[in-house]
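> Have a look; sequence and predicted model below, questions after that.
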Amino acid sequence: DAKTTQPTSMDCAEGRAANLPCNHSTISGNEYVYWYRQIHSQGPQYIIHGLKNNETNEMASLIITEDRKSSTLILPHATLRDTAVYYCIVRALESSSASKIIFGSGTRLSIRP
Amino acid sequence: KAGVTQTPRYLIKTRGQQVTLSCSPISGHRSVSWYQQTPGQGLQFLFEYFSETQRNKGNFPGRFSGRQFSNSRSEMNVSTLELGDSALYLCASSYDGLNTEAFFGQGTRLTVV
């Protein structure tokens, strides 16, 4: 079973920041938080990941709370092309099961013009 | 560099037949994982191959099998197809499957009639 809880759907106005929350209250110390997104009928796309520090790349920012029980993915300036299902995942890297990604139901993000 | 390539993109088979799907990982990647995506069950892990050996396995019946070749290309086979096997089959490649992000292909859409 997925170890994360996400809202089923969200919407955001184009050009605004999209903030997608994720709860992972049972995360273990060696588990990373990963975010993927899946645009309709395509394969999931890696966005960002982090352990305990906030992370930023060209696509998004990841804010992880100090107790690591929740995180927020931030798309700073949402565009229509960001409409997708966003998956928050926890993975224990450097373990024999690291390759077994457990996807939950994700959040369906709709960007409105 | 080229991404993950899955062939064919679309396939229609009849119940009882078998099917073989192919996945060519990103050059240099040695881990290949397979996933099944259906509207009812979401994205589910099938199995992972690393250095021609199955390293992880999900909860699927023995009709689902796979293999990996010395060039890291992988195939998955489904025998005695059932209507419920209709799904998007996704392949993901990563360098070692342990501590790097996974990159997904576009998938093969299998329809069983």
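Yep, it's here.

> Count the residues that sit near the residue lying closest to B:Glu52 once chain neighbours are set aside.
Take B:Glu52 and drop its neighbours on the chain: the residue closest to it by CB to CB, 6 or more residues apart in numbering or on different chains is B:Gln68, 4.8 Å away. In this view, the C-beta of every residue, glycine as well, is placed from N, C-alpha and C. By the measure other CB atoms under 10 Å in any protein chain shown, the count of residues near B:Gln68 is 23.

> got a list of what B:Gln68 touches?
Residues in contact with B:Gln68, defined by CB atoms under 8 Å, 6 or more residues apart in numbering or on different chains, are B:32, B:49-53, B:74.

> Buried ones from the residues you listed, can you make that a ChimeraX selection?
Typed into ChimeraX, the line below selects the buried ones among the contacts of B:Gln68, using 16 or more other CB atoms under 10 Å in any protein chain shown:
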select /B:32,49,50,74
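
> Could you dump the contacts of B:Gln68 into TSV and include pLDDT?
Putting those into TSV (pLDDT from 0 to 100) gives the following:
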residue	pLDDT
B:Val32	96
B:Tyr49	95
B:Phe50	93
B:Ser51	92
B:Glu52	94
B:Thr53	94
B:Ser74	98
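
> Now, the contacts of B:Gln68 that are in strands?
Under the assignment DSSP state E, those contribute B:32, B:49-50, B:53, B:74 to strands.

> List, one by one, the residues from chain A near chain B.
With CB under 8 Å from any CB of the partner chain as the criterion, chain A meets chain B at residues A:34, A:41-46, A:49, A:87, A:93-106.

> which of those residues count as buried?
Counted by 16+ other CB under 10 Å, the residues of chain A next to chain B give A:34, A:43-44, A:46, A:49, A:87, A:93, A:98-104, A:106 as buried.

> In strands only, show me those residues.
Per DSSP E, those map to strands at A:34, A:46, A:49, A:87.

> what's the nearest residue to the third one if we skip its chain neighbours?
Of all residues beyond its chain neighbours, the one nearest A:His49 is A:Tyr34 (4.3 Å), with distances taken as CB to CB, 6+ apart.

> In terms of helices and strands, where is the most centrally placed residue in chain B?
Centroid check for chain B by CA atoms, centre = their mean gives B:Trp34 as the closest residue, at 3.3 Å. If you go by DSSP states H and E, B:Trp34 is part of strand B:31-38.

> hmm, that strand in reach of chain A?
Yes - judged by CB under 8 Å from any CB, strand B:31-38 comes into contact with chain A through B:31, B:33, B:35.

> could I have that strand exported to CSV, CA atoms only?
Extracted C-alpha coordinates of strand B:31-38, given in CSV (Å, rounded to 0.1, in the frame of the first residue of the first chain):
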residue,chain,number,x,y,z
SER,B,31,17.8,-1.6,-14.1
VAL,B,32,14.4,-2.1,-15.9
SER,B,33,11.1,-2.2,-14.1
TRP,B,34,7.7,-2.9,-15.4
TYR,B,35,4.3,-1.5,-14.3
GLN,B,36,0.7,-2.1,-15.2
GLN,B,37,-1.7,0.8,-15.1
THR,B,38,-5.5,0.3,-15.2
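
> Where do the strands of chain A begin and end?
A:9-13, A:18-23, A:31-38, A:45-50, A:55-56, A:61-64, A:70-75, A:84-92, A:107-112.

> Quickly list what residue 32 is bridged to.
Answering for chain A, as no chain was given. A:Arg91 (DSSP bridges).

> looking at chain B here, not the other one
B:Tyr49, B:Ser93.

> tell me the contacts of it?
With contact taken as CB under 8 Å, 6+ apart, B:Val32 is in contact with B:23, B:25, B:48-50, B:68, B:72-74, B:91-93.
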